[in-house]
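>>> Would you be able to build a 3D model of this:
(2 chains)
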Amino acid sequence: MRRSLREKMLEAKQTMPVDQTASLEFERLLLWLDEDRNKAGEKYEQIRQNLIDYFRRRGALDPLALADEVIDRVTRRVTEIAKDFVGAPSYYFLAVARRVIAEYWRRPPEQDLPDNLPIFSSPEAAERRELYFKSLERCWARLSAKDQGFLLRYCVESPPVKLSTARNQLAEEMGATINMLRVMAHRLKRRLRLCIEGLMK
Amino acid sequence: MKTFEQENQTIRQFLLGQLPDDQVEQLEDRIFAEPDFAEEVQIVEGELIADQQAGRLTPQESRLLSARYNATKANQFNLDYEVAFQEFVSSKHDSAKETLEIITPDDSAKETVEILRPDDSMKETVEIIRPPSRAKPQPPVITHASFWRRFVFHFGPQTAYATVAIALLFLAVAIWFFASPSRPDLSARNRQAVEAELARLNSAGAAPENILSTVDLDVAHRSGGAMARIAFDTTPDKVFEFHLNLTQFGARKYRVLVFDDQRHELFAVPNLSAQNTESGPQIRLLIPVNYLKPGDYQIDLSLANQSGGYDQVNSYAFRVADPQK
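Have a look, this model is predicted:
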């Protein structure tokens, strides 16, 4: 399950004094990432997301668990790492992630996957789709009318006008480059996704 | 320094698993070092999935992406989200359009059409109120006589009449071409292109809104029985979804051959997989509606054997009926 920095800190506080060492190590980890606590929090979230994406793209079955495993390993050794390591901490996380995925592939498989996973609607998939739609509806309502209008124009093709043509036109109207539009659309989609994940928890 | 297109291409190759290991490592280093680059990779990932949904990937790219994104639940979640998002915004877009098109009724712009549903069972009459800008335009008044006189005057009567004759001939050929019931069918088309499109469609799947109807086909018996019927349609981008029911599940690959009523082989779709569903094992086959003109069809289903060939296992039959006739 996804744990934000805040949740992890709360969890660490709740477990004190039994798990006081873990909490202190985590504080040291944040300090190693950045002296500014807010920036440290942002860097932590960025690294965690990169780790999840890394394991997901490598085909691991549980990327979240592996990402947390990397963070735990680094956190446990942060005092000695911080003394000697030169460079951006994110590289260290990546190096540990590479070790973790190598170990992961050496583990015996927990379950055999079928040769061909179903690609069409199972009742479960239909339920999930409905749940997505309901959540999307609620999260969509939280976007401003301007953002909604932007996403509709950026993401949906209205024949006979090609999507690429419509996007160029939109960029011109907004006085932005296509690349800026891509980033804007991605960030809005990510906001929606985080909102959906929050509702589905 | 790489251009935007080159970098985009490298990221695509990375996501499809086509980059050599050393380049993969370099790219991963950049993802961890540069938050903007990590975001760019996420953007391209979303675009790849959207491109696949819209059928803009090559068959190979589509296969590679499906192999990656159907393999684990975490990736499947990503895929599901992108697909759900695309469907959601499309539905929002359509409803927004409908809202915008509510206009004050104007009798001159009203038009009544009869909608015939595919199963022939229901007819309904709908009154369409066209917005003023889309109301049927009045035919323009052309002063044929003066134009004709000027034409004859300039080119002489022989040239003028010859031009008219050629234009009429051209018009007749065009009418024959578009209205003839024996328009070039699949056998006359480029079969290779048709099969490539079918392979792409059946590997990538179709968006639910593009599926015109779903037909369950049981194994055809010599003793006959009711033949499955589907309504003829030519709507672009729409597909028929056939569920070929199996008597037993096979993990190997299946191939489908489609024949017309004269037993002419129309096209083949290899590399199909059986799925276990609530109604038993099935194979899902997608065929664009405009590949099937009215008539009877037979589907022969074969299973890949050890020697690389195929053994026929079942046959299915269906009829495409034209509701207009």
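
>>> what's the pLDDT at B:L15?
B:L15 is assigned a pLDDT of 92 by the prediction.

>>> Per-residue pLDDT of B:F170, please?
pLDDT at B:F170 comes out at 86.

>>> That one: what secondary structure?
With DSSP: H, G, I helix; E, B strand; the rest coil as the basis, B:F170 sits in helix.

>>> What distance do you get for the residue in the stretch 151-300 of chain B positioned nearest to chain A to B:R284?
Residue nearest to chain A within the stretch 151-300 of chain B: B:S273 (3.9 Å; CB to the nearest CB). No exception for glycine: its C-beta is placed from N, CA and C like everyone else's. With distances taken as CB to CB, to the nearest Å, B:S273 is found 9 Å from B:R284.

>>> Against B:Q262, how distant is B:G295?
Using CB to CB, B:G295 is found at 9 Å from B:Q262.

>>> neighbour count winner among these two?
Between B:G295 and B:Q262, counted using other CB atoms under 10 Å in any protein chain shown, B:G295 has the larger neighbour count: 14 against 8.

>>> The stretch 201-325 of chain B: strands as residue ranges?
B:211-217, B:228-231, B:239-245, B:254-260, B:265-272, B:274-277, B:280-288, B:295-304, B:310-321 (DSSP state E, counting those that start in this stretch).

>>> for the residue most central in space within chain B, phi and psi?
In chain B, the residue lying closest to the centroid (CA atoms, centre = their mean) is B:D237, at 3.3 Å. Main-chain dihedrals, B:D237, degrees, to the nearest 10: phi 70, psi 0.

>>> can I assume it is in contact with B:N210?
Yes: counting by CB atoms under 8 Å, B:D237 touches B:N210, with 5.7 Å between them.

>>> Flag every residue of the stretch 1-150 of chain B that's near chain A.
B:4, B:15, B:28-29, B:31-33, B:35, B:38-39, B:41-43, B:46-47, B:50, B:54, B:66, B:68, B:70-75, B:78, B:80-81, B:84-90, B:92-93, B:96-97 (CB under 8 Å from any CB of the partner chain).

>>> Now list the buried members of the residues you listed.
B:15, B:28, B:31-32, B:35, B:38-39, B:41-43, B:46-47, B:50, B:66, B:68, B:72, B:74-75, B:78, B:80-81, B:84-90, B:92-93 (16 or more other CB atoms under 10 Å in any protein chain shown).

>>> Return the subset of these lying in helices.
Among those, DSSP state H puts B:15, B:28, B:31-32, B:35, B:38-39, B:41-43, B:46-47, B:50, B:66, B:68, B:74-75, B:78, B:80-81, B:84-90, B:92-93 in helices.

>>> Tell me how many other residues crowd B:Q60.
Quick note: B:Q60 (other CB under 10 Å) scores 12 neighbours.

>>> repeat for B:Y161
12.

>>> among the strands of the stretch 201-325 of chain B, which is nearest B:Q192?
strand B:265-272 (9.7 Å; CB to CB).

>>> From what I see, A:F55 and A:P63 are in contact.
Yes: A:F55 is within contact range of A:P63, at 3.6 Å (criterion: CB under 8 Å).

>>> Identify the contacts common to these two.
B:A74 (CB atoms under 8 Å, 6 or more residues apart in numbering or on different chains).

>>> before we move on, the earlier item: got the confidence number for the residue nearest to the centre of chain B?
82.

>>> Good, wrapping up.
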